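Student: dropping the sequence and predicted coords here.
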Amino acid sequence: MSTAPRYERWYLAVWRWHFYAGLFCVPFILWLSVTGGIYLFKPQIESLLYAPYRGVVVESGPLLTPARIVEAGTAAVPGSVLHKYVLPEDPADAVQLLVGAGERETRVWVHPQSGEVLHKVAEEDRLMRVVFRLHGELLAGKWGSALVEIAACWTIVMILTGLFLWWPRGGAGLAGVVWPRLRRGKRVFWRDIHAVTGLWVSIGAVFLIASGLPWATNWSAYLREVRAVTGTSALKQDWSSGSEADAAARAQLDMGARAMLDEHAGHHGVTMVHEKPTDRALNHVIPQAAELGLAAPVEISPPTAPNGYWLAQSQAANRPERGEAELDDSGALIGRQTFDQRHWIDRVVGYGVAVHEGAWLGLANQLLNLAILLGLVTLALSSVVLWWRRRPAGKLGTPPASAPLRHSWALVGATVGLALLMPLFGLTLALVAFAGRVLPRVAPGAANWAGIRR
């Protein structure tokens, strides 16, 4: 006596997770793919934007001293002090200065011979800085960062559940899994485009999402807490923890730089006299920093405490090339750190960020990431088409499951692991599970419309 196959509750739950994760994530996937695709080509875009400020030096004329250049740059932004002096990648280029007042920074391009200010712009208003904040925070600070982080976590779940649902079983062939069947009608076409694209981009997409989590405000804070508990904390991390943390760091730098410019500094009511960073110090430090061979661009920050040091720090897009050095007022080297000397967690994040930004392998890295982003866009759009074509009449609910499947402890374990690794996912998963249990009891009509069954 044959019986119809029973659809396991677990399998239906996976379908719901995949479907509702898709509904939530698709707008974010499209947004992050577009903004991320633009940011991938930051070097080429900024090269075009700032081309007028390269090669401005006339060979016959003398160069101004760094102190004169800083004087011109700070005068262009009243009330500002030097935050960072950026070494020109080519001696013929204009000198870039980051000058600030509190948490506000302005980037100023100064002609190294005439002292003329060629251009100035608020640092956070620069095109690629805006794209960076659009990509990571939706220009909405920590709340935007939290939304992006939740969407990123659920996109990972969507990819894993998609692989789980579509993986060939029962001797199924590779057609429709490894390559699409293009002549089997629209239904099969869209199903295969979705499934095959998901298979091919899954590894790269999960890597791009995971390597972007250190920038998320909440996950970054979670990582710092874990590192503090495990005794693996670093003195400072080499990546952004969000716009609010960056603003606080700029304000702290500004406060320290201003304190060092004062002639006196008080400490518990006792007045201490200390030497300010003089023109002579600038004129010694900048040429010496240029001889250190740090990967461009190199930013040099003034001391922010008595007996402090000048910090020369590489901001190379390929983070494994970064390093930093400390110098005294005479330009003498105090200490130096290379990327290889950092904690292994910082090195792993550094490599991940470099690949994420397309900087590790140059143009090849950029094009590979772009291909993954295009795959994610295809995955998102095809999912909308599949849902629209198969949606139940008058309902939002999930499409009907197409095959029976036993309970999978592997998927359970992966889900629990992800909940521990990504706390915001764990929290939202708990809320989804709670709603799935309660909604059919308190609002059966809404649960039926949403495709949630007991």
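Tutor: Happy to help now that I have it. Numbering: from 1, shown residues only.

Student: can you give me the strands in the stretch 151-300 of the chain?
Tutor: Assigned by DSSP state E, counting those that start in this stretch, the strands in the stretch 151-300 of the chain fall at 264-267, 270-273, 298-301.

Student: just after the last one, pick out the following helix or strand.
Tutor: Right, the one you point to is strand 298-301. strand 310-314 (DSSP states H and E).

Student: so after that next one, what's the next helix or strand?
Tutor: Per DSSP H and E, strand 310-314 leads on to strand 323-327 as the next helix or strand towards the C-terminus.

Student: packing partners for that following strand?
Tutor: helix 279-290, strand 310-314, strand 333-338 (3 or more C-beta pairs under 8 Å, 6 or more residues apart in numbering; DSSP states H and E). From N, CA and C alone the C-beta is placed, and that goes for glycine too.

Student: nearest to Arg126, of the ones you listed?
Tutor: Nearest of the helices and strands packed on strand 323-327 to Arg126, taken as C-beta to C-beta: strand 310-314 at 19.0 Å.

Student: which helix or strand contains Glu105?
Tutor: Here Glu105 is assigned to strand 104-110, by DSSP H and E.

Student: buried stuff in that strand?
Tutor: For strand 104-110, burial by neighbour count (16 or more other C-beta atoms under 10 Å) applies to 104-110.

Student: partners of it in the sheet?
Tutor: With DSSP bridges as the test, strand 104-110 is paired with strand 95-101 (antiparallel), strand 117-122 (antiparallel).

Student: so how far is that strand from its chain's centroid?
Tutor: Put simply, strand 104-110 sits 23 Å off its chain's centre (C-alpha atoms, centre = their mean, to the nearest Å).

Student: run through who's touching it.
Tutor: With contact meaning C-beta atoms under 8 Å, 6 or more residues apart in numbering, strand 104-110 is reached by 50, 53, 69, 72-73, 76-77, 80, 83, 94-100, 116-124, 126, 250.

Student: hmm, 6 Å instead?
Tutor: 53, 69, 72-73, 76-77, 83, 94-99, 117-123, 250 (C-beta atoms under 6 Å, 6 or more residues apart in numbering).

Student: what stretches of the chain score poorly on pLDDT?
Tutor: The model of the chain has pLDDT under 70 over residues 1-13, 168-173, 176, 263-278, 397-408, 453-454.

Student: do that again at 80, thanks
Tutor: Low-confidence segments of the chain (pLDDT under 80): 1-17, 60, 164-179, 182-187, 234-235, 262-278, 390-412, 414-415, 436, 447-454.

Student: in it, where's the longest helix?
Tutor: Identified as the longest helix of the chain according to DSSP state H is helix 9-40.

Student: past that one, which element shows up next along the chain?
Tutor: Next helix or strand after helix 9-40 toward the C-terminus (DSSP H and E): helix 42-49.

Student: go through that next one and flag the buried ones.
Tutor: For helix 42-49, the neighbour count (16+ other C-beta under 10 Å) marks 42-43 as buried.

Student: that helix vs helix 9-40, what angle?
Tutor: For helix 42-49 against helix 9-40, the angle between stretch directions is 30 degrees (axes from the mean of the first three to the mean of the last three C-alpha atoms, to 10 degrees).

Student: tell me the contacts of Arg224?
Tutor: Shown in contact with Arg224 (C-beta under 6 Å, 6+ apart): no residues.

Student: quick one: the helices in the chain?
Tutor: 9-40, 42-49, 66-75, 127-137, 141-166, 186-212, 217-230, 243-261, 279-290, 344-356, 362-390, 409-421, 423-442, 444-450.
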